[in-house]
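J.: Below is the sequence, then the predicted model.
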Amino acid sequence: MANFDPNDIGVANGNYFGLPYSFDESRIIIIPVPWDVTTSYRAGTHDAPQAILDASLQIDLFDVNVDEAWNVKIGTEPLNREIIKLNEKSRAVSESVINSLASGYGQDDLAKDIEKVNKASNLLNEWVRKSAEACIKDGKIVALLGGEHSVPYGYIQALASKYEDFGILHIDAHADLRHAYEGFKYSHASIMYNVLHDIPQVSRICQVGQRDFCEQECALIEKDDRITFFPDMEISNFLFDGGTWKEICDRIIDTLPDKVYISFDVDGLSPDLCPNTGTPVPGGLSYNQADYLLHRVASSREIIGFDLCEVGPGEDEWDANVGARLLFKLCLYAS
């Protein structure tokens, strides 16, 4: 720490953003989760934690909204090699299932392979839960870095063992309210369905930016009063008619309880900011809209944790660059 200069170049020391803080002294711990077993369109997000780590060294450790941003103590858990191996093995099985379903096979025909994937997802969930619980017991805030959007389930379970009531701000192009999509109980498309049905401590899910969802999901949104919904078209129409982004943010924040978990799927942004994400959709938030909303939430609510998922590295560093900047902002606002 004595030799650390926040104005100097980032040095690859194994920590995100090249920060010098150890695990023990850090307030925020980044747990990378290299997992994309249930991704249904384009795989590759398992490489995001490493790609974002590499890109994070290019970020200036200064922020106009946070004094001495470099002094926010952010630590890093190393990549778990066993999870990497489990992902590789299980992804091969899930791709076989997905391709077979697309060829006309039914889920009953593929039950054995689907069960293999579900067992692997259970192992992943348990590892995430235990890792997060250990950090929470030490008084730390976890920044969970996917990987696909199924990975926060175990972390949200861990938070539910500490907090009796909290809400989720869910920024995403998708509602993620499908039941066992493609037969995978813990699908990336089922994370919020599972949270609603399994974790009663979550009293509110506020969904922002959604623009790709099915009829069943829409029916659930209308039926379950724990869900508040700010889809992309409604936001755009309001802005086109002369409303302001501040007014939208005020309405979003008004729906949230005092304690908030942020679940940020990067495809909630405009796809020019995340062209290699697993399931890109036209429309979405600008980077500055997302930053403004996150800062406003942090100014009026307690952020108890967050995840950032679905960054697809691609062939250049653009997606990872955007992901690294979002990760830094989330860490600063949660501190």
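T.: Nice, I can see it. Numbers count the residues shown, from 1 in each chain.
J.: Tell me, how many residues neighbour the closest residue to residue 20 other than its chain neighbours?
T.: If you skip the residues right next to it in sequence, residue 20 has residue 4 as its closest partner in space, 4.5 Å away by CB to CB, 6 or more residues apart in numbering. For every residue, glycine as well, the C-beta is placed using N, CA and C. Per other CB atoms under 10 Å, the neighbour tally for residue 4 reads 14.
J.: same question, the one 5 residues further on
T.: The criterion is other CB under 10 Å. On that basis, residue 9 has 8 neighbouring residues.
J.: That one belongs to a strand?
T.: No - inclusion of residue 9 in a strand is not indicated when DSSP: H, G, I helix; E, B strand; the rest coil is applied; the result is coil.
J.: pLDDT wise, what is it at?
T.: Looking at residue 9, its pLDDT reads 90.
J.: Provide a list of residues in contact with it.
T.: The contact partners of residue 9, taken as CB atoms under 8 Å, 6 or more residues apart in numbering, are residue 57.
J.: just to revisit the earlier point, helix, strand or coil for the residue nearest to residue 20?
T.: Three-state assignment for residue 4 (three-state DSSP): coil.
J.: Correct me if wrong: it contacts residue 21.
T.: No - under the criterion of CB atoms under 8 Å, residue 4 makes no contact with residue 21, lying 9.3 Å away.
J.: picking up where we left off before, and the gap between the residue nearest to residue 20 and residue 121?
T.: Relative to residue 121, residue 4 is positioned 39 Å away (criterion: CB to CB, to the nearest Å).
J.: again, but for residue 277
T.: The separation that residue 277 has from residue 121, given CB to CB, amounts to 20 Å.
J.: Bridge partners for the residue positioned nearest the centre of the chain, pull those for me.
T.: The centre of the chain sits closest to residue 308, judged by CA atoms, centre = their mean, with a distance of 3.0 Å. On DSSP bridges, the residues paired with residue 308 through beta bridges are residue 145, residue 264.
J.: can you pull the pLDDT of residue 2?
T.: pLDDT for residue 2: 62.
J.: do the same with residue 92
T.: 96.
J.: Please tell me how far the residue nearest to residue 20 sits from residue 56.
T.: Distance check for residue 4 against residue 56: by CB to CB, it reads 15 Å.
J.: repeat for residue 158
T.: Distance, residue 158 to residue 56, using CB to CB: 25 Å.
J.: And residue 250, by the same measure?
T.: Summarising the geometry, the distance separating residue 250 from residue 56, computed by CB to CB, is 32 Å.
J.: Of those two, which one has the most company?
T.: Set side by side, residue 250 and residue 56 show more neighbours around residue 56, with 25 against 12, by other CB under 10 Å.
J.: is it true that that one touches residue 326?
T.: No - with contact defined as CB under 8 Å, residue 56 does not count as touching residue 326 (10.8 Å).
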